[in-house]
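Novice: What shape does this take:
(chains A and B)
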Amino acid sequence: SAVISQKPSRDICQRGTSLTIQCQVDSQVTMMFWYRQQPGQSLTLIATANQGSEATYESGFVIDKFPISRPNLTFSTLTVSNMSPEDSSIYLCSVRLLPSGANVLTFGAGSRLTVL
Amino acid sequence: GENVEQHPSTLSVQEGDSAVIKCTYSDSASNYFPWYKQELGKGPQLIIDIRSNVGEKKDQRIAVTLNKTAKHFSLHITETQPEDSAVYFCAASNTGFQKLVFGTGTRLLVSP
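Specialist: So this is what the prediction gives:
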């Protein structure tokens, strides 16, 4: 299994600012994803981070608000731009280790953002 | 797209009792059904999964059953212990991993 490190683990941010979350994996992975978990809610997929190309966003999420980078097979960043209190959530990085047909996801511990 | 419903939202049991959490899904093409456990301050952790060619799978005190005809699957925890207290999420996806869709979660509390 992979070990996923996310930074920061938590942060308190001011309205209108942006914050970048980093996700580092200890092995090369085929697929990386970013999920959002609003307080007391389920997990919602934001986007798939594609290595060397633009991320693939889910309905309701746009690149201008959540720009994502994935420069290599072990690292990705998610930026939450122009934050508002509604962006207060846990943001989770997850990876899929095996090729197509094995859908096991491993999650990081998450980054808990509070926007004031 | 896929929609996953999960019940109950909260479940309180006494230590040693069994706990059952149920999920239904909408997309008949879904064929992979994992269950995740999320403890406070941690990310979700896979505890068991089942694929559509199997009706039941067991791992020590936990088991998952799948009824593809009815499009529902369930998590069974026997001999519950206080350390089983957590939020449990079911999920569904199809081959090729187009998207893993999660249920709304069940908060399980096991009292000593």
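
Novice: Which pLDDT value goes with whichever residue of chain B sits closest to chain A?
Specialist: Here chain B gets closest to chain A at one residue, residue B:43, 3.5 Å apart by C-beta to the nearest C-beta. Backbone N, C-alpha and C define where each C-beta goes, glycine included. Per-residue pLDDT puts residue B:43 at 92.

Novice: which residues does the residue nearest to residue B:8 when sequence neighbours are not counted contact?
Specialist: Using C-beta to C-beta, 6 or more residues apart in numbering or on different chains and skipping the chain neighbours, the partner closest in space to residue B:8 is residue B:106 (6.1 Å). Residue B:106 makes contact with B:6, B:7, B:8, B:9, B:10, B:11, B:21, B:87, B:88, B:89, according to C-beta atoms under 8 Å, 6 or more residues apart in numbering or on different chains.

Novice: beta partners for residue B:106?
Specialist: Beta-bridge pairing of residue B:106 under DSSP bridges involves residue B:88.

Novice: can you pull out the strands in chain A?
Specialist: For chain A, applying DSSP state E gives strands covering A:4-7, A:10-13, A:19-25, A:31-37, A:43-49, A:56-57, A:68-72, A:75-80, A:89-96, A:105-107, A:111-115.

Novice: The shortest one: how far from the chain's middle?
Specialist: Using C-alpha atoms, centre = their mean, to the nearest Å, the mean C-alpha position of strand A:56-57 is found 12 Å from that of the whole chain.

Novice: Run me through the strand neighbours of it, direction for each.
Specialist: In the sheet, strand A:56-57 lines up with strand A:43-49 (antiparallel) (DSSP bridges).

Novice: now swap in the last one and tell me
Specialist: According to DSSP bridges, strand A:111-115 has the following sheet partners: strand A:10-13 (parallel), strand A:89-96 (antiparallel).
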